[in-house]
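Visitor: Test case, fold it:
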Amino acid sequence: MFDTALFLLADGLTNGAVYAQVALSLVLVYSVTRVVNIAQGEYVMLGALTYADLLDGRMPATMAIVVTGLALWGVTSAWTARHNRRAMMRVLGGAALACLVLAGISAGVLAAPRSAFLAMPAAILLVASLGPIVYRVTVQPNPNASTVVLVIISVGVDMVLQGVGLLFWGSSTYSVAPLANGGISVGPLFLAWQSIAIIAIAIVIMAALYAFFEFTLYGKALQATAINRLGAQFCGIPVARAGALAFFLGAAFSATSGMLLAPLVTAHYDMGFVIGLKGFVGSAMGGLIDYPLALAGVFAVGVLESTSAYAWSAYREVLVFALLIPILLWRSHRLKPGQEA
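Guide: Below you'll find the model as predicted:
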């Protein structure tokens, strides 16, 4: 019984580490832009499939998605700046340069001997570049939109990204080799190196995010934007740039989660939505604004998922998502009158 409990705890911590990166992305994006990014889980899917493409020696289909997105952003931005020829040419030139740089990086990785340590940063950069594109095309043009409208927009983005995933990768599943085979035994418990890597990288990301906010100018600008957008504007902080940076980092964290998860499950086009929802359940514990509570929430989700899969496998997903109800009730009782959830 004790051995089983240890195994379930280790499995739950691994699941929680995967969801933690999605939860951090959700909290970061919401705190800066007030967008509940339902599409966050799709970056997990794109990260896994892009990583699989690079390891298999194929030009990632994500490159076509990025090029299309950059073209759309370039055209809409150029139209907005059509009365300023210099600004219009700068936007179009920047979009074209970004396409060339990303294509060059992908081609360089494909030309080199296959290596996970080359494929991972290239895949992260490719997927992360979609974050600012989505922000510029869908969120920035609607600065006065209500939270409900922004949620509807993010649901639409989620459906588009999932549909694009089906278009480019089809309904096939893709297998990815782990970073290292084998593992270590700690008493009766066996820990695979891949699981250890997931937990270790999640810890590194948390530490890096803390250092980013505490010791860098951009991090403090994001914090200021999250606390008071109008005050940040008065202080000269470009709010639109802060939003694009938040979407970039959020996409990068989620893509990392997808790449680390890919060796444990088969990657496919519809894997991201449920993972994104589980990250949302955990981040809801912190009201989408509290990083420590969000992390506690996702690790609770991970442990509950592994335990319910063992004891009540037919109700695993139901129990995980039912956790959202007591979380919301708890949050509502903690709020003061007029305080934001």
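
Visitor: use CA for all of it now, contacts and neighbours both
Guide: OK.

Visitor: Regarding this structure, what is its longest helix?
Guide: With residue count as the measure and DSSP state H as the assignment, the chain has helix 2-33 as its longest helix.

Visitor: immediately after that one, which helix or strand?
Guide: Once the chain leaves helix 2-33, the next helix or strand it forms, by DSSP states H and E, is helix 40-55.

Visitor: Would you indicate which residues of the helix or strand following that next one are buried?
Guide: Next along the chain after helix 40-55, taking DSSP H and E as the criterion, comes helix 62-80. Applying a neighbour-count criterion of 16 or more other C-alpha atoms under 10 Å, the buried positions in helix 62-80 are 62-63, 65-67, 69-78.

Visitor: Can you pull up the most central residue in this protein?
Guide: In the chain, the C-alpha nearest the mean C-alpha coordinate belongs to Ser254, at 2.5 Å (C-alpha atoms, centre = their mean).

Visitor: tell me the angle the helix or strand where that one lies makes with helix 40-55.
Guide: Element membership of Ser254, judged by DSSP H and E, is helix 239-261. For the pair helix 239-261 and helix 40-55, the angle between their directions (axes from the mean of the first three to the mean of the last three C-alpha atoms, to 10 degrees) equals 60 degrees.

Visitor: how far is helix 239-261 from where the chain is centred?
Guide: The chain centroid and the centroid of helix 239-261 are separated by 5 Å, computed with C-alpha atoms, centre = their mean, to the nearest Å.

Visitor: cool, and stretch 39-47?
Guide: How far stretch 39-47 lies from its chain's middle: 6 Å, per C-alpha atoms, centre = their mean.

Visitor: what does stretch 252-268 give?
Guide: When C-alpha coordinates are averaged (C-alpha atoms, centre = their mean), stretch 252-268 and its chain have centres 10 Å apart.

Visitor: which residues touch it?
Guide: Contacts of stretch 252-268 with the rest of the structure, by C-alpha atoms under 8 Å, 6 or more residues apart in numbering, involve 18-19, 21-22, 24-25, 40-41, 43-49, 51, 120, 123-125, 127-128, 169, 171-178, 194, 197-198, 205.

Visitor: Distance across that stretch, terminal residue to terminal residue?
Guide: Distances were taken as C-alpha to C-alpha, to the nearest Å; on that basis the terminal residues of stretch 252-268 are 19 Å apart.

Visitor: Which of the residues in it are classified as buried?
Guide: Of the residues in stretch 252-268, those buried under the neighbour-count criterion (16+ other C-alpha under 10 Å) are 252-263, 267-268.

Visitor: okay, those residues in TSV with distance to His83 and pLDDT next?
Guide: Listed next are the buried residues of stretch 252-268 as TSV, based on distance: C-alpha to C-alpha, whole Å; pLDDT from 0 to 100:
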residue	distance to His83	pLDDT
Ala252	35	95
Phe253	38	94
Ser254	38	94
Ala255	38	95
Thr256	40	93
Ser257	42	92
Gly258	42	93
Met259	43	93
Leu260	46	90
Leu261	47	90
Ala262	47	90
Pro263	50	89
Ala267	46	90
His268	44	91
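
Visitor: which one of these sits closest to Ile325?
Guide: Proximity of the buried residues of stretch 252-268 to Ile325 (C-alpha to C-alpha) peaks at Ser254, which lies at 24.8 Å.

Visitor: residues contacting Ala10?
Guide: Ala10 sits next to Leu191 when contact means C-alpha under 8 Å, 6+ apart.
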